[in-house]
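In: one predicted model, sequence on top.
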Amino acid sequence: NSEVFILAIESSCDDTAAAVLHNDKVLSNVVANQLIHNLYGGVVPELASRAHQQNIVPVIDAALKKANIKKEQLSAIAFTQGPGLMGSLLVGSSFAKSLSLALQIPLIAVNHMQAHILAHFIDEEDCQKPTFPFIALTISGGHTQIVKVNDFFDMKIIGETTDDAVGEAFDKSAKILGLPYPGGPLVDKYAKLGNPKAFAFTKPRVPGLNFSFSGLKTAILYFIQKNKVINPNFVEENLNDICASIQYTIIEILMDKLKLAVKETGIKQIAIGGGVSANSGIRNTLIEAQNKYGWKTYIPKFEYTTDNAAMIGIVGYQKFLSKNFETSAVVSKARIQF
Ligand code: KG4
Ligand code: ZN
């Protein structure tokens, strides 16, 4: 079993990605971003699906070439079954199915959100793997979840957003500030230069481990509108401080819930995943939490935070070991939990 080569395909949203893994090691991890959506201020599903069709063959070829692996050497094909945009998912799943039939090798379906969590099990030199059970905070453009992870495929959502995802909170705030889509990374960039306590935004009151971010967006909108009446250049003159204050508030909201999750479960191991876990403020806060609260925190490498196929590959490898295979009758699912 020590010579498993998995080709993994990820196409759930607007990134076409392919990776080749040798057991739990990543040999190649290729992503083609679809910049076309930036012109529209958000992902346009029909355009995403068409771009996937154009990108998928070159991206897979590049992944195989970079890994120096021939198709014939592959042990199995893993693909993202969902959640995601149906038209996008279908491009990846159809391709995976035909390749598995052509090569006569097993087909493995992977849950995108599980993959964001299990990306921590990719073998990397200076990255420790979490031990079970641990708490995962998955934060992306589409999801915000606190998950109790008992084992590879035994996970329970114990908290989630009741409206917008954290990534949307970043992107929508950025839009209010006139920044281009996706604004999350830009808020992060300007926040580094600003004072996080310059402006105060009220945190939402949501019971238990659930989140709400739509109120914050509205609060920011009114705050900006009000201040622009007084000073039309308010945003330009205070961009760094505004971004730092927004990011600070978002991190406070996340940390409040993580503290509660630790209290309720007694688990002090925290792993983050998803596109927003690329945020430098969130990363630093979680590193500091190790000394401050006695937690053990796991922060993924940058290339495994935003959507990628390596994370699909590591789940594929785990499923390969337990022979958890699918036939080509397996269907893509826009909405699935674990
Ligand atoms: O996981 P992902 O690549 O795609 C989804 O599955 O949604 O996450 C994309 C989200 C976007 O909202 C983007 O603005 C956000 O992650 N993001 C960030 C940063 N990098 C990406 N948000 C804040 N700070 C960042 N550095
Ligand atoms: Zn994602």
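Out: Sure thing, it's come through. Numbers count the residues shown, from 1 in each chain. Ligands and ions are numbered 1, 2, ... in the order given.
In: nearest residue to the residue of the stretch 201-338 of the chain found nearest ligand 2 other than its sequence neighbours?
Out: Ranking the residues of the stretch 201-338 of the chain by distance to ligand 2 (Cβ to the ion) places Asp307 first, at 4.4 Å. To be clear about C-beta, it is placed using only N, CA and C from the backbone, and glycine gets the same treatment. Spatial nearest neighbour of Asp307, chain neighbours left out: Asp15 (4.5 Å); criterion: Cβ to Cβ, 6 or more residues apart in numbering.
In: dump stretch 267-280 to PDB, restricted to CA.
Out: Taking C-alpha atoms only, stretch 267-280 is exported to PDB below (Å, rounded to 0.1, in the frame of the first residue of the first chain):
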ATOM      1  CA  ILE A 267     -11.100  20.100  23.400                       C
ATOM      2  CA  LYS A 268      -8.200  22.500  23.100                       C
ATOM      3  CA  GLN A 269      -6.900  21.400  19.700                       C
ATOM      4  CA  ILE A 270      -8.000  23.900  17.000                       C
ATOM      5  CA  ALA A 271      -7.400  23.600  13.300                       C
ATOM      6  CA  ILE A 272      -8.500  26.200  10.800                       C
ATOM      7  CA  GLY A 273      -9.200  25.800   7.100                       C
ATOM      8  CA  GLY A 274     -10.800  27.400   4.100                       C
ATOM      9  CA  GLY A 275      -9.900  30.500   2.100                       C
ATOM     10  CA  VAL A 276     -10.300  33.000   5.000                       C
ATOM     11  CA  SER A 277      -7.700  31.000   7.000                       C
ATOM     12  CA  ALA A 278      -5.200  32.700   4.700                       C
ATOM     13  CA  ASN A 279      -5.900  35.900   6.700                       C
ATOM     14  CA  SER A 280      -2.800  37.000   8.500                       C
END
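In: can that stretch be said to contact ligand 1?
Out: Yes: under the criterion of Cβ under 6 Å from any ligand atom, ligand 1 is reached by stretch 267-280 at Gly274, Gly275, Val276, Ala278, Asn279.
In: in this protein, what residue sits furthest out from the centroid?
Out: Ile230 (38.7 Å; Cα atoms, centre = their mean).
In: quick check: the gap between it and ligand 1.
Out: Applying Cβ to the nearest ligand atom, to the nearest Å, the value for Ile230 to ligand 1 is 29 Å.
In: relative to Tyr248, how far out is that residue?
Out: According to Cβ to Cβ, to the nearest Å, Ile230 stands 23 Å off from Tyr248.
In: which residues touch the residue positioned nearest the centre of the chain?
Out: Nearest residue to the geometric centre of the chain (Cα atoms, centre = their mean): Gly274, 2.0 Å. By Cβ atoms under 8 Å, 6 or more residues apart in numbering, the contact set of Gly274 is His116, Thr138, Ile139, Ser140, His143, Gly167, Thr305.
In: neighbour-wise, which of these leads?
Out: With neighbours taken as other Cβ atoms under 10 Å, the top of those is His116, carrying 31 neighbours.
In: wouldn't that one be in contact with Thr138 here?
Out: Yes: contact criterion Cβ atoms under 8 Å: His116 and Thr138 qualify, at 5.0 Å.
In: any shared contact partners between these two?
Out: Gly273, Gly274.
In: for the chain, what are the low-confidence residue spans?
Out: Along the chain, the parts satisfying pLDDT under 70 run over 1.
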